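Peer 1: coords please:
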Amino acid sequence: MFADIIRSANTEHEIYYLLTSYIETVRHSDKSHNRIPEQITRLPLNGIGDVRTRFTLLMLELDKASKSLDDNSCATIKEGMHALGVALNRLSALEQHGKPPH
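Peer 2: Here you go, the predicted structure:
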């Protein structure tokens, strides 16, 4: 759901606001407790490079969870990768249309 809303965002401010809301939800969710490291859920976000780094870290976490056959963690991490991936795509699209992200 967050990914769909982020996909329709028209400004970088909206994207970062929505992504921050998503991260705050993850931080307070019992479902994701101890499944996503603090370095990925810390706030504030510090620009597109930070979002890209968090996406990469999530890929590494997915690899670890997959190797340990932790399906619940895999699902939570994939959800996060989807939200961050959509945000990266929108930020890149805005950048290409002359609205540079942070």
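Peer 1: quick one: contacts of the helix or strand hosting Val51?
Peer 2: According to DSSP states H and E, Val51 maps onto helix 48-67. Contact partners of helix 48-67, identified using C-beta atoms under 8 Å, 6 or more residues apart in numbering, comprise 19, 35-37, 39-40, 45, 73-74, 77-78, 80-81, 84-85, 87-88, 91-92, 95, 101-102. Quick note: C-beta positions are derived from backbone N, CA and C, even for glycine.
Peer 1: And it, how far out from the chain middle?
Peer 2: 9 Å (C-alpha atoms, centre = their mean, to the nearest Å).
Peer 1: again with stretch 42-55
Peer 2: Distance, centroid of stretch 42-55 to centroid of chain: 8 Å (C-alpha atoms, centre = their mean).
Peer 1: For the remainder of this discussion, apply numbering that starts at 290.
Peer 2: OK, 290 is where the count begins now, so the last one is stretch 331-344.
Peer 1: Pull out the buried residues from that stretch.
Peer 2: Leu334, Ile337, Val340, Arg343, Phe344 (16 or more other C-beta atoms under 10 Å).
Peer 1: Using a markdown table, please lay out the residues you listed together with pLDDT.
Peer 2: Formatted as a markdown table, the buried residues of stretch 331-344 follow (pLDDT from 0 to 100):
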| residue | pLDDT |
| --- | --- |
| Leu334 | 97 |
| Ile337 | 95 |
| Val340 | 97 |
| Arg343 | 97 |
| Phe344 | 98 |
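Peer 1: which one of these sits closest to Ile312?
Peer 2: Leu334 (7.6 Å; C-beta to C-beta).
Peer 1: Specify the local secondary structure of the closest one.
Peer 2: Three-state assignment for Leu334 (DSSP: H, G, I helix; E, B strand; the rest coil): coil.
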